[in-house]
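Trainee: take this sequence and fold it.
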Amino acid sequence: MLIWLEGTALAQWVGLSFYAYPALLALHITGLAVVVGIFFMRDLRLLGLIKQPSPADFLKPVRLAYAGFLLNAVSGFMLFTSQASIFAASTSFRFKIAFIALGMILAWQIQKRLALLLAKDHEQIPPNTRLLAAVSILCWVAAIIAGRLIAYLG
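Mentor: Residues are numbered from 1 along each chain as shown. Below is the predicted model of the structure:
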């Protein structure tokens, strides 16, 4: 199936076009900056490592973070098509995808908890939510490192 995917018109365009791969990489990095930037700042705030903005200020930008993730997913899939069999065999790639999946599950769970806390007018962040925020940060950093290692380790 991966060989078939690499033979599609989309994969051929991504792999052979002078502009497609670099443009998609730029979109991928932009999506990464948005999604990780918002969640990373939120998690730092929940951990108490930064004092501003308030936790409530992270309720609305989550939509932008999800849009960044969608941009990342679409551009990432398009990049994947050009070398699907190589990426699928890459341990670094598989770790990257696992860390992203876990990061997004944590992001959703943290947002849900944050909304419940703020609905009850609680400003105090419970220890279990802080732990999720710390694990979230580790997941995003690990995903970025794994993504970079794809080029070097395969």
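Trainee: what's around G103, how many residues?
Mentor: Neighbourhood size, G103 [other CB atoms under 10 Å]: 24. For the C-beta atoms, the positions are set from N, CA and C on the backbone; glycine is no exception.
Trainee: so how far is L153 from A11?
Mentor: The gap separating A11 from L153 is 23 Å, by CB to CB, to the nearest Å.
Trainee: the more surrounded of these two?
Mentor: Taking other CB under 10 Å, A11 and L153 do not tie; A11 has more neighbours (20 against 11).
Trainee: tell me what the lowest-mean-pLDDT helix or strand in the chain is packed against?
Mentor: In the chain, no helix or strand scores lower on mean pLDDT, DSSP states H and E than helix 2-6, which sits at a mean of 84. When contacts are defined as 3 or more CB pairs under 8 Å, 6 or more residues apart in numbering; DSSP states H and E, helix 2-6 sits against helix 62-82, helix 84-89.
Trainee: so which bits of the shortest one are buried?
Mentor: In this case it means helix 84-89. A84, F87 (16 or more other CB atoms under 10 Å).
Trainee: can I get it as CSV, trimmed to CA atoms?
Mentor: C-alpha atoms of helix 84-89 as CSV (Å, rounded to 0.1, in the frame of the first residue of the first chain):
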residue,chain,number,x,y,z
ALA,A,84,5.9,6.7,2.6
SER,A,85,7.8,3.4,2.7
ILE,A,86,11.0,5.1,4.0
PHE,A,87,9.1,7.1,6.7
ALA,A,88,7.0,4.1,7.7
ALA,A,89,10.2,2.1,8.3
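Trainee: neighbours around R63, how many?
Mentor: Counted with other CB under 10 Å, residues neighbouring R63 total 10.
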